[in-house]
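>>> Below is the sequence, then the predicted model.
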Amino acid sequence: MRRLAVSGLLSLIFVPRYFARQTKDAGTNLFISELDTLIGRAALSLGDTHLIETETMPGLLKLWDQRQTLGAGNFDLSNAFLFVMEENPQAFFVSMAPHHRAFEEWIKELPDDSFVWYSNGPCQLETKRSQLILILQHTQIHAADASRLKDETLAKLSAIRCRQIQ
């Protein structure tokens, strides 16, 4: 399975219209292969708040809850959360606020899921980490719970250092 890149352009040719209905139905299982569609719709909407709060984040949170039974996807899901956070921090944290357990699990696993470099050459993740820190430093979130999550994420990102594994 290819990794979903946090930076760069997503190359999406086809975005099925039926996907929005699937994410809203609590009884429908999602599959990690649908992650590109979830993130692609958010990217193509240029981070539309309504889309992120009603489709993208509910879908990502559902996949996060299902990740143990899926047997894969932590890296991609964590990167998808970072992509949405970068695209629309307000919508990301407001959507994440009611999901304390998912947030705590994600933030705990963030260094290993999104900031480990498996290739030779310079680690490009430090640049992404710095960009995310800068975005969060300049983002004001008025909802208290969401603002607390932003502050926790900023602190975690500030403490993380990219690790290279060979």
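Perfect, I can see it now. Numbers count the residues shown, from 1 in each chain.
>>> For this protein, just list every one of the helices.
Assigned helices in the chain, in chain order: 19-24, 35-44, 49-51, 57-70, 74-87, 89-96, 100-114, 125-137, 144-159 (criterion: DSSP state H).
>>> roughly how far apart are the residue positioned nearest the centre of the chain and residue 166?
With distances taken as Cα atoms, centre = their mean, residue 81 lies nearest the centre of the chain, 0.8 Å away. Distance of residue 81 to residue 166, computed by Cβ to Cβ, to the nearest Å: 26 Å. All C-beta spots, glycine's among them, are computed from the backbone N, C-alpha and C.
>>> Can you pull out the low-pLDDT segments for the protein?
1-28, 70-72 (pLDDT under 70).
>>> just checking, residue 65 touches residue 106?
No. Assessed by Cβ atoms under 8 Å, residue 65 is found out of contact with residue 106, at 11.3 Å.
>>> of the two, who's got more company?
Neighbours per residue (other Cβ atoms under 10 Å) separate residue 65 from residue 106, with residue 106 holding more: 23 against 15.
>>> Does the more buried one touch residue 64 like I think?
Yes. Using Cβ under 8 Å, residue 106 is in contact with residue 64, at 6.9 Å.
>>> shared neighbours of those two, which are they?
Both residue 106 and residue 64 are in contact with residue 81, where contact means Cβ atoms under 8 Å, 6 or more residues apart in numbering.
>>> Can you name the residues that contact residue 147?
With Cβ under 8 Å, 6+ apart, residue 147 has these contacts: 93, 141.
>>> Distance of it relative to residue 113?
24 Å.
>>> Can you get me a residue count around residue 79?
20.
>>> Looks like it contacts residue 114 (just checking).
Yes. The criterion here is Cβ under 8 Å, and residue 79 meets it with residue 114 at 5.5 Å.
>>> Show me what counts as buried in stretch 82-102.
Neighbour-count burial for stretch 82-102, counted by 16 or more other Cβ atoms under 10 Å, picks out 82-97, 99, 102.
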